[in-house]
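Student: sharing a sequence plus its predicted fold:
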Amino acid sequence: MAVSEVLQKEMTAIAISEPGGPEVLKAETVAVPQPAQGEVLIRVAAAGVNRPDVVQRMGLYPVPPGASPLPGLEVSGTVVALGAGVEPEWIGRKICALTNGGGYAQFCVAPVQQCLPVPDCLTMAEAAALPETLFTVWGNLFNRGFAREGETVLVHGGTSGIGTMAIKLGKLFGLDVIVTCGSDQKCTAAKQIGADHAINYKSQDFVEEIKKITDGKGVEIVLDMVAGDYVARNIQCLKEDGRHVTIAVQGGLQATINMAHVMMKRLTLTGSTLRPQSAERKALMADELHSYVWPDVEAGKLKPVMDESFPLADAAKAHAHMEAGNHIGKIVLIVE
């Protein structure tokens, strides 16, 4: 390991003391992790808070083999040490990274191939809010959903971190974006962010609204984080050769659908979850983001929608805020 400075041996991190509510998130003193081959050690400036962190805290999202048990799947910060095989010029770089866990801490390791540079137009808090949503939206809307300019996508959870990024990225790539939200206030916010249409799913039937908006044609893609009984309704919203992409199962693991509709419309049903994917696949996505998306980030054309920041010590409050469901955009923890 190459080291750029004398590093402390211990650090403060937020650990999950036992499965449960936000109160099980506890500050602990733990050893500073050591970067393995192909990894960098990051002095963390900020860490994004994501729904998978909440699910892990509840004991419902097992940590992949070899990953840190600490929550936190994205960070921004400064590279302070290198594992074997990493070029020396990485030392001192300001980066944001998709991690394999461990982001709720003063230091975190990440594969160097999952790191992206932080341009001057972004704050470190904004940078920490990018990786998880960008990798997720890019990998699912474009890689799995094959989104193309001029197509229409229906995005559920339009004011979530994923939803707001799907709006912004979709508009950058010439998509018409329709979202569902849980209140008129959130619908207004989604349209201000850039959504072409926003449907209040609590007061409107989104299937009927999609018919009205698209003149009965339907949409090419559904980006769904609900699953459960939404799947059958989503299928009604898809036009022929449409693609249904599942990225979360907040509405339930099981769905009952009419497979004749799938066959007659020639639909594609797919989905993914990010954390268990291979390092090679994540590296490929990072390369694609750097080539196709990062120029817009560096030009200030793409920034995350920020909700609220909390000190690292208040991670429990950040989780409670996310679970309350009133946030619009990303929640982050400020570490330094």
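Tutor: Done, it's in. Remember, predicted model here, so these are calculated numbers, not experimental data. Numbers count the residues shown, from 1 in each chain.
Student: what separates the nearest residue to residue 241 once chain neighbours are set aside from residue 218, distance-wise?
Tutor: Leaving aside its sequence neighbours, residue 241 sits nearest to residue 266 (C-beta to C-beta, 6 or more residues apart in numbering; 5.2 Å). C-beta coordinates here come from the backbone N, C-alpha and C atoms, glycine included. Per C-beta to C-beta, to the nearest Å, residue 266 is found 13 Å from residue 218.
Student: still on that earlier bit, now the residue nearest to residue 241: how far from residue 310?
Tutor: In terms of C-beta to C-beta, residue 266 sits 46 Å off from residue 310.
Student: which of the two has more neighbours?
Tutor: Applying other C-beta atoms under 10 Å to residue 266 and residue 310 shows that residue 310 carries more neighbours, namely 18 against 9.
Student: so what sits opposite the more buried one in the bridge?
Tutor: residue 333 (DSSP bridges).
Student: now do the same for residue 147: helix, strand or coil?
Tutor: coil (DSSP: H, G, I helix; E, B strand; the rest coil).
Student: quick check: it vs residue 164, distance?
Tutor: Residue 147 is 17 Å from residue 164, where distance means C-beta to C-beta.
Student: ok, these two, which is more surrounded?
Tutor: residue 164 (30 against 26).
Student: for residue 127, pull up the helix or strand it's in.
Tutor: helix 124-128 (DSSP states H and E).
Student: for that helix, name the packing helices and strands.
Tutor: strand 39-49, strand 74-82, strand 94-98, strand 306-311, strand 330-334 (3 or more C-beta pairs under 8 Å, 6 or more residues apart in numbering; DSSP states H and E).
Student: thinking residue 10 is in contact with residue 32, fair?
Tutor: Yes: if you go by C-beta atoms under 8 Å, residue 10 and residue 32 touch, sitting 6.5 Å apart.
Student: give me the more crowded residue out of those two.
Tutor: Set side by side, residue 10 and residue 32 show more neighbours around residue 32, with 19 against 12, by other C-beta under 10 Å.
Student: list the contacts of the more buried one.
Tutor: Residue 32 is in contact with 7-11, 41, 106-107, counting by C-beta atoms under 8 Å, 6 or more residues apart in numbering.
Student: mind checking which of the residues you listed are buried?
Tutor: 11, 41, 106-107 (16 or more other C-beta atoms under 10 Å).
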